[in-house]
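Trainee: Sequence and predicted structure, then a few things I'm wondering about:
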Amino acid sequence: MICKLCGEDKTLCDAHIIPKWFYTEIQPKDGKKLLIIDPSLHYTPRSGKGEYDPNILCAECDGQIIGKWDDAAIKFFQNKDEWSIIQSEEDPKALAYEVKITDVDYAQLKLFFISLLWRASISQRPMFQAVQLGPFEQKAYEHIKNQNPGSEDEFSVIVRKFRPSEKPWYSSSKDVMHRSIISPIKKRRNQRDYYLFQLNEFSIDIKVSNKEIDPRLAIITLSRGRPFYIFERDFDESSEYKTLQIAIREQERKSVGFKNK
């Protein structure tokens with residue numbers, strides 16, 4: 001089959017759209033497999049290694065090209081305890097993190113996020129059906145093919161970190177509810193389109209627009225040559241929390257045989 005990156009006829013591999021590490025980080029401690037919450041499904045499957053697509057990449061492109069950017073992103077998120085903490089004087093719970101970014105870090109991280117978006121767009125897996133890049137799919141491909149991270153205005157990236165839930169009615173799971181992987185969705189903000197990914201406790205916005213980044217968001221956008229600021233978000237009030245609730249209810253409804261009215 002044809003690899004979608006190198007364009008050669010090769011044996012394709014089981015290529016993860018989201019690196020497997022993100023799934024293993026939220027793997028149940030009791031050894032059970034992950035629950036897959038997807039409102040399109042009529043049952044609740046379990047997975048040991050997350051979503052992958054066997055129809056998009058050869059092993060060489062997946063491992064030697066995209067794999068090195070996956071490794072850079074994993075290292076970045078693994079080192080979150082080393083990020084400098086900035087605490088709000090007005091709200092002790094409100095935290096931000098300052099992460100020093102070198103030119104090398106910027107290139108590898110930016111190419112990870114672009115490749116994540118591109119992989120989701122070219123995949124036929126139901127989890128990524130909302131990611132339809134149109135002409136931006138070719139632009140993302142060119143960045144990847146040329147290993148060019150582009151400027152901060154091209155596929156701009158914002159990362160936020162969720163605070164654990166404080167809702168008392170699921171106290172037994174409040175430390176893990178904010179750490180989940182949700183199907184990416186598309187949102188429009190200030191005349192710019194973004195795709196939103198939730199990877200464990202991190203919310204990631206990737207801009208898909210020819211417009212420059214909103215000046216109000218420039219300080220928290222991944223940029224070359226300056227620190228990367230990551231702000232915490234309240235998971236209980238987030239759209240991701242509402243999306244997760246809806247998905248769980250819809251899947252439960254289908255599993256007991258109810259039909260849409």
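Mentor: It's in.

Trainee: I'd guess Ala120 is in a helix, am I close?
Mentor: Yes. Applying DSSP: H, G, I helix; E, B strand; the rest coil, one finds Ala120 inside a helix.

Trainee: Just to check, it is in contact with Gln132?
Mentor: No. Under the criterion of Cβ atoms under 8 Å, Ala120 is not in contact with Gln132, lying 9.7 Å apart. The C-beta positions use only the backbone N, C-alpha and C, and glycine is treated the same way.

Trainee: out of those two, which sits in the more crowded spot?
Mentor: Higher neighbour count among Ala120 and Gln132: Ala120, with 25 against 13, using other Cβ atoms under 10 Å.

Trainee: mind listing the helices for this protein?
Mentor: Taking DSSP state H as the criterion, the chain carries its helices at 20-25, 59-60, 67-78, 103-122, 135-145, 239-255.

Trainee: Asp53 is nearest to which of the ones you listed?
Mentor: helix 103-122 (7.6 Å; Cβ to Cβ).

Trainee: The closest one - contacts with which helices or strands?
Mentor: In terms of contacts (3 or more Cβ pairs under 8 Å, 6 or more residues apart in numbering; DSSP states H and E), helix 103-122 is packed against helix 67-78, helix 135-145, strand 157-163, strand 192-200, strand 202-207.

Trainee: Same list (the ones you listed) but as TSV, adding mean neighbour count.
Mentor: Shown next, in TSV, are the helices and strands packed on helix 103-122 (neighbours: other Cβ atoms under 10 Å):
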stretch	mean neighbour count
helix 67-78	17
helix 135-145	16
strand 157-163	21
strand 192-200	21
strand 202-207	22
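
Trainee: any chance of these in a markdown table, plus distance to Pro215?
Mentor: As requested, the helices and strands packed on helix 103-122 are arranged in a markdown table below (distance: least, Cβ to Cβ, whole Å):
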| stretch | distance to Pro215 |
| --- | --- |
| helix 67-78 | 26 |
| helix 135-145 | 22 |
| strand 157-163 | 13 |
| strand 192-200 | 12 |
| strand 202-207 | 13 |
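
Trainee: May I see those organised as CSV, with mean pLDDT added?
Mentor: Converted to CSV, these look like this (pLDDT from 0 to 100):
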stretch, mean pLDDT
helix 67-78, 96
helix 135-145, 98
strand 157-163, 92
strand 192-200, 93
strand 202-207, 95
